[in-house]
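> with the sequence up front, the predicted model follows.
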Amino acid sequence: EGDDIYGNVNVPPSKEITCKTLTLELCGITTVQWSSATGDKDTAGAVDKPVEGNKEIYFRKSVILYERDTAEVLSPEDRNFYFEVKLPPHLPSTFEGLYGQMVYHAQLLLDSGNDKTDVVYSKPFTIVSGLDLNFIPEAAAKIELCKYKTIGKCCSSGSVTADWTIDRSGFIPGEDIEIHGAVQNDSRESVQLSKVSLIMVVDYKAKKWRRREKREVLAIEKGATHAGEVTVWQDQLRVPPLPPTGLHRCK
């Protein structure tokens with residue numbers, strides 16, 4: 001974000017192209033759309049009705065690479081075009097999800113003089129937006145989780161306690177989330193496993209409609225904790241490359 005995108009557009013010399021204007025267009029856009037069921041879902045008459053989604057454009061810039069008064073065949077000298085475009089600041093990161101996507105692409109547009117503009121080439125590019133945790137005070141807050149559950153009945157009942165601590169709430173890709181804690185089984189039954197997951201939660205909005213997607217990014221788990229045993233957690237979850245929470249400028 002805020003960087004310069006620069007490069008060259010090369011038109012193969014083997015192709016004879018008649019051209020009046022050759023334009024490079026760079027665009028960033030978000031689309032959100034899904035279907036909702038109408039009718040009785042338990043009957044054969046249920047159908048999926050498309051929901052009109054939302055679209056949001058963050059920027060669109062055009063660079064004229066070649067221009068003539070009338071359409072002409074591109075000469076061998078007019079086959080290589082340099083371009084440089086400065087991106088606007090605070091662009092949301094590239095993202096693709098279940099109900100929407102945030103994409104950036106460069107398109108080569110050809111006007112051959114017949115009142116029609118054709119897209120002759122399209123290539124996506126990736127935007128990675130940063131997130132400064134120093135401006136998010138709650139990112140330094142410790143996370144403490146204690147869950148207690150009774151297992152069994154009457155005289156044979158017991159309890160299982162899961163107790164975890166994470167030293168802070170905010171992390172960036174490449175950092176390790178340090179997990180400290182234990183699962184204590186004071187019951188007469190075995191706990192099959194204990195597991196810690198990093199979950200991405202995405203909220204999609206399309207006018208008055210809402211959808212939520214939950215996706216497990218990664219997880220670690222330990223085996224059984226038998227009756228009277230304690231499973232100790234001193235483990236790490238390394239945060240993979242992910243778009244930052246918030247996706248600035250995305251409404």
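That came through fine.

> contact partners for Gly181?
When contacts are counted by C-beta atoms under 8 Å, 6 or more residues apart in numbering, Gly181 touches 145, 162-165, 232-233. In this view, the C-beta of every residue, glycine as well, is placed from N, C-alpha and C.

> if we go to 10 Å?
If a contact means C-beta atoms under 10 Å, 6 or more residues apart in numbering, then Gly181 has 144-146, 162-166, 194, 196, 231-235 as its contacts.

> ok, now Thr161?
146-149, 182-186, 230.

> what do you get if the cut-off is 6 Å, keeping everything else the same?
Neighbour list for Thr161: 148, 184 [criterion: C-beta atoms under 6 Å, 6 or more residues apart in numbering].

> buried residues in the helix or strand containing it?
Using DSSP states H and E, Thr161 maps to strand 158-166. By neighbour count on 16 or more other C-beta atoms under 10 Å, the buried set for strand 158-166 is 160, 162, 164, 166.

> immediately after that strand, which helix or strand?
strand 176-185.

> ok, Phe135 to Val196 distance?
Remark: distance between Phe135 and Val196 (C-beta to C-beta, to the nearest Å) = 28 Å.

> if we can go back for a sec, among the buried residues of strand 158-166, find the lowest-pLDDT one for me.
Across the buried residues of strand 158-166, the bottom pLDDT score, 92, is held by Trp164.

> nearest residue to Ile57 other than its sequence neighbours?
Ile29 (5.1 Å; C-beta to C-beta, 6 or more residues apart in numbering).

> tell me the bridge partners for the one you found.
As for beta bridges, Ile29 partners with Ile57, Val103 under DSSP bridges.

> was I right to think it contacts Arg60?
No - using C-beta atoms under 6 Å, Ile29 makes no contact with Arg60, being 8.3 Å away.

> now do the helices in this structure.
Secondary structure of the chain (DSSP state H): no helices located.

> dead centre of it: give me the residue that sits there.
Central residue of the chain (C-alpha atoms, centre = their mean): Phe95, 3.1 Å from the mean position.

> still on that earlier bit, could you report the neighbour count for the residue nearest to Ile57?
By the measure other C-beta atoms under 10 Å, the count of residues near Ile29 is 15.

> and of the buried residues of strand 158-166, the nearest to Ala219?
Ala219 lies nearest to Trp164 out of the buried residues of strand 158-166, by C-beta to C-beta, at 13.7 Å.

> so what sits opposite that closest one in the bridge?
The partner list for Trp164 in beta bridges (DSSP bridges) reads Leu145, Gly181.
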